[in-house]
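K.L.:
Provide a 3D model corresponding to the input given below.
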Amino acid sequence: MFKCHYLNAEHREVIILFCLMRSFDIVPNGYSFPVVLKSCIKINALREGKELHCLVTKSGFASNSFVGTTLVELYSNLGDMIRARELFDKMSRKDLMSWNTVLNGYANNGDVEACEALFEKMPEKNIFSWNGLIGGYAHNGRFPQVLTTFNRMLAENKVKPNEATLVMVLSACARLGALVLGKWVHIQAKANGYSGNCRVGNALIDMYAKSGAMESAIDVFRSMKRKDLISWNTMICGLATHGHGADALNMFSEMKNAGEKPDSITFIGILSGCAHMGFVEDGFSYLKSMIDDYSIEPQIEHYGCIVDLLARAGLLAQAVDFIVKMPKEADAVMWATLLASCRVYKNVEFAELALEKLVEFDPKNPTNYVMLSNVYGDIGRWKDLARLKVATRDTGFRKLPGCSLIEVNDVVSEFYSLDERHPDKEQIYESLKGLTMLSRLYGNIPEGDTDID
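P.N.:
Alright, predicted model coming up:
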């Protein structure tokens, strides 16, 4: 009965049934405890789970590997990795599942160092062990380590990647812009029989789209036998992001003809496509359709797309009027969007208004002052430019330097302005100086510009 309710996701019924069993003085065993504990985890009934732990201890099942592993999972979900590790260390017999449970606990709770240390201690590893370590890196934004660990996994040639592995690695490639490595992972996906997998296909579309390889993204999309809402949304948003607004709108029509119902994310892509194409009337029409035809309440992101649409089209007064009248309070992104367009159209009045609003959100962000100073500089208001430079300096903060990523020999390197951390920095800067000289010879860099040191 426990198993029946559990397999049907009736986890509250499992707990109620366990209480009923106890009322008949029936003693639970090593098979009933794990099912009930897992049901507690599934519905976040962690208080009941801790009470059940007391009963486990009294009943003498704390050292049972199945029960112990489930208790470790319980405390991992509570975020109490100290207690989880204590229980793991006390287990008389530790199988691979118990090792993986602790590993995933560290990964999910953000303790990457403990996750790494435990991984190296494991007497044996399977694909779930590797996925635990890779997932730990991915969830904590350490995407270069995701790729190096994946390469290590393949080099040791003991396990093959599964769906989860490929999705995490492709996501890391997308975040880093590692297109060459992403293509190689695509080959690995085909070699391991995942070319028709929907989740892997979606990850491939996302990777190619974020890397700007839209033709490859479309090829993957067209080759997929089964597409879900994520497939369509990833494709539409990818097209819109890279300026293919008309293609994004055509894809939306194709999506509707295929019988797929759009959601709020779909309309972010559609409205963004309209903004890139300057389709003002169409943008408002899609916003109305989203509300009337699909009963989707617009969120701040949708309103932000409309502000971007109006601002890009030079309709700055309408953009400000829209911000003032919309039912949600404008965020910093909207005002920054307006400020950026004010520079394009050299509109000081609305640029000053945008800066005033941005200062309310983040008074010490120098980037906002720099954007307005550029507007002043473009129209020759030098006194205002000088005044704003003083205000920027008075914030006490410096603008964060731009960051560039480049993929060479399957390794993604990160560079900031005047960065000297790279081991090959001398060779890199010598090459950069040579390129600067060549560019100057061909008239691409004015003579007054400073060499890159």
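K.L.:
Test my guess that Asn77 contacts Lys42.
P.N.:
No - Asn77 sits out of contact with Lys42 when judged by Cβ atoms under 8 Å, with a separation of 9.8 Å. Any C-beta I mention is one placed from the backbone N, CA and C, and that applies to glycine too.
K.L.:
Of the two, which one has the most company?
P.N.:
Asn77 (18 against 14; other Cβ atoms under 10 Å).
K.L.:
Apart from its neighbours in sequence, what residue is nearest the more buried one?
P.N.:
By the measure of Cβ to Cβ, 6 or more residues apart in numbering, the closest residue to Asn77 outside its immediate chain neighbours is Ile41, 5.5 Å from it.
K.L.:
so where does the nearest residue to Val14 once chain neighbours are set aside fall, helix or strand?
P.N.:
Leaving aside its sequence neighbours, Val14 sits nearest to Ser39 (Cβ to Cβ, 6+ apart; 3.9 Å). Here Ser39 sits within helix 32-42, counting by DSSP states H and E.
K.L.:
how does this protein divide up, domain by domain?
P.N.:
Domain assignment for the chain, taken from automatic domain parsing, gives 1-124, 134-226.
K.L.:
Which stretch among the ones you listed is buried most, on average?
P.N.:
Among those, domain 134-226 has the highest mean neighbour count (mean count of other Cβ atoms under 10 Å), at a mean of 19.
K.L.:
so where is the stretch 251-400 of the chain shaky, pLDDT-wise?
P.N.:
Residue ranges of the stretch 251-400 of the chain with pLDDT under 70: 366, 369, 378, 384-385, 388-400.
K.L.:
thinking again about what came up before, can you put the domains of the chain in TSV and add mean pLDDT?
P.N.:
Putting these into TSV (pLDDT from 0 to 100) gives the following:
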stretch	mean pLDDT
domain 1-124	88
domain 134-226	92
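K.L.:
how about the ones you listed, which one is nearest Ser264?
P.N.:
Proximity to Ser264 (Cβ to Cβ) singles out domain 134-226 among the domains of the chain, at 17.7 Å.
K.L.:
Now the terminal residues of the closest one, how far apart.
P.N.:
Distance across domain 134-226, first residue to last, is 27 Å (Cα to Cα, to the nearest Å).
K.L.:
any idea how far that domain is from the chain center?
P.N.:
Its chain's C-alpha centre and that of domain 134-226 lie 14 Å apart, by Cα atoms, centre = their mean, to the nearest Å.
K.L.:
Residue numbering should commence at 33 henceforth.
P.N.:
Got it, the first residue is 33 from now on, which makes the last one we talked about domain 166-258.
K.L.:
rewinding a little: could I get the contacting residues of the residue nearest to Val46?
P.N.:
37-38, 43-44, 46-47, 77 (Cβ atoms under 8 Å, 6 or more residues apart in numbering).
K.L.:
If we use 6 Å, what do you get?
P.N.:
Ser71 makes contact with 38, 43, 46-47, according to Cβ atoms under 6 Å, 6 or more residues apart in numbering.
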